[in-house]
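Asks: just the structure for this:
(one chain, ligands or ions: 1)
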Amino acid sequence: MSDEENCDIKQLNDNITCELQLENDKLEDDLLAVGDIEPSEETTSEAGLSKRARKKLLKRQQWLDTKHERRAKEREKRKVKMAALKLVKEFDETRVSSRKSLKHSKMSDSSCKVGVVFDMQFGDLMTQRDLGKCIKQIMKCYSLNRRLSAQLQLYMTSLGGSVEEEMSKHDGFKNWDFNFDSRRYDEVFTRDRIVYLSSDSTREITHLEDDKVYIIGGLVDHNHHKGLCHEKATQLGIETARLPIDQFVDMKSRKVLTVNHVFEILATVSQGKEWKEAFLGVIPERKGAVALKDEEKAEEDIPETDKFVTLEAECEDIMEKIKEDIVKEESTCDDSLTVS
Ligand SMILES: C[S@@+](CC[C@H](N)C(=O)[O-])C[C@H]1O[C@@H](n2cnc3c(N)ncnc32)[C@H](O)[C@@H]1O
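Replies: Numbers count the residues shown, from 1 in each chain. So this is what the prediction gives:
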């Protein structure tokens, strides 16, 4: 294998590692939060733990007990992905895709004029770790975009402050084939071109239009700023829309996706694939997405390992809700009520 091929495989490998890491980070964050639970005043058990705290400890134990099973599943997933990517690579290799040719394929030459904007105005709401994760997600989008036969038009707006500092860790980012702008998105594009994507919107997008720009909120917030992007866009009188997930798949957990998953879905659809295919191919297994029509059959045929995945997705959802409750409680409870 040539150095160039080794380099390509290494990059694909890095991307997969990055994706698995993002998924693991999320689960671990959830569980760390679970570990932080304080017993409440409605203590009911002999051990002095509230019902809720015991439930959470039980979930944590379940998560720890299934660690090996999960790791094995990740390794398997990684192997399959690597094999698939190698196949795609061979297919591409006969046409254009060496690293050198990637350098020659420019976004501005693409036949696709659909714009995707990463709105970075929320940089200061994120911890440095989450901001780092957010940038990694955007880098994955960039890497995928460069490999598309018809690249989408990428923009990053509100680039400045902590976001620019974090971006600067990636050498020469300003030379990327990416449109960077320090202004907010509504100062860069006319309103009639803007659609702000948000799972909180009452409207669904049906198709992608050339010359429209679809804004993705650059925010990794573990649901601490629920509805924020939608609220901000609505205040500015900007049109919003959610992905048409409900029409095509049933999901066992929240329909709030990560920045890179939203982008991957847009990219898949922009290349002529159906929404359903895009959702099923991109939404991670742990979210338990099932094609709507196949749902009944899927229920009957679910193998044990998939039941575990569904259970994991449900746990994730429960944990998110618990975290929200804790945040709400913390903000409404009088200090004197806090049991240490
Ligand atoms: C992790 S989410 C941010 C969640 C954040 N709490 C918010 O207020 O939107 C990152 C971005 O992905 C996009 N997004 C996520 N799920 C979506 C969905 N189901 N439909 C449309 N956009 C979605 C939105 O642009 C969102 O701002």
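Asks: CA only for contacts and neighbour counts going forward, please
Replies: OK.
Asks: C112 versus E209, what's the distance?
Replies: Relative to C112, E209 is positioned 10 Å away (criterion: CA to CA, to the nearest Å).
Asks: looking at the two, which one has more neighbours?
Replies: C112 (18 against 14; other CA atoms under 10 Å).
Asks: my read: that one touches Q151, true?
Replies: Yes: in this structure, C112 is within contact of Q151 by CA atoms under 8 Å, at 6.2 Å.
Asks: assign I216 to helix, strand or coil.
Replies: Here I216 takes the strand state, with states given by DSSP: H, G, I helix; E, B strand; the rest coil.
Asks: begin at 6 from here
Replies: All right, first residue 6 from here; so that's I221.
Asks: can you show me the helices along the stretch 56-205 of the chain?
Replies: Chain-ordered helices for the stretch 56-205 of the chain, with DSSP state H, counting those that start in this stretch as the definition, fall at 56-70, 72-98, 104-109, 133-151, 166-172, 190-193.
Asks: ok, of those helices, where does mean pLDDT dip lowest?
Replies: Least confident of the helices of the stretch 56-205 of the chain, judged by mean pLDDT, is helix 104-109 with a mean of 65.
Asks: excluding sequence neighbours, find me the nearest residue to R196.
Replies: Closest residue to R196 apart from its sequence neighbours, by CA to CA, 6 or more residues apart in numbering: I243 at 6.7 Å.
Asks: gap between that neighbour and the ligand?
Replies: When CA to the nearest ligand atom, to the nearest Å is applied, the distance between I243 and the ligand equals 13 Å.
Asks: check V121 too.
Replies: 10 Å.
Asks: so that residue makes contact with V218?
Replies: Yes: under the criterion of CA under 8 Å, V121 lies in contact with V218, with a separation of 5.4 Å.
Asks: pick out whichever of those two has more residues nearby.
Replies: Comparing V121 with V218 by neighbour count (other CA under 10 Å), the higher total belongs to V218, at 26 against 22.
Asks: one step back: same list (the helices of the stretch 56-205 of the chain) but as JSON lines, adding mean neighbour count and distance to the ligand.
Replies: Shown next, in JSON lines, are these (neighbours: other CA atoms under 10 Å; distance: least, CA to the nearest ligand atom, whole Å):
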{"stretch": "helix 56-70", "mean neighbour count": "15", "distance to the ligand": "23"}
{"stretch": "helix 72-98", "mean neighbour count": "13", "distance to the ligand": "22"}
{"stretch": "helix 104-109", "mean neighbour count": "12", "distance to the ligand": "27"}
{"stretch": "helix 133-151", "mean neighbour count": "19", "distance to the ligand": "9"}
{"stretch": "helix 166-172", "mean neighbour count": "16", "distance to the ligand": "16"}
{"stretch": "helix 190-193", "mean neighbour count": "15", "distance to the ligand": "13"}
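Asks: out of these, nearest to A296?
Replies: The stretch from these with the least distance to A296 (CA to CA) is helix 72-98; that distance is 20.2 Å.
Asks: cheers, nothing more for now.
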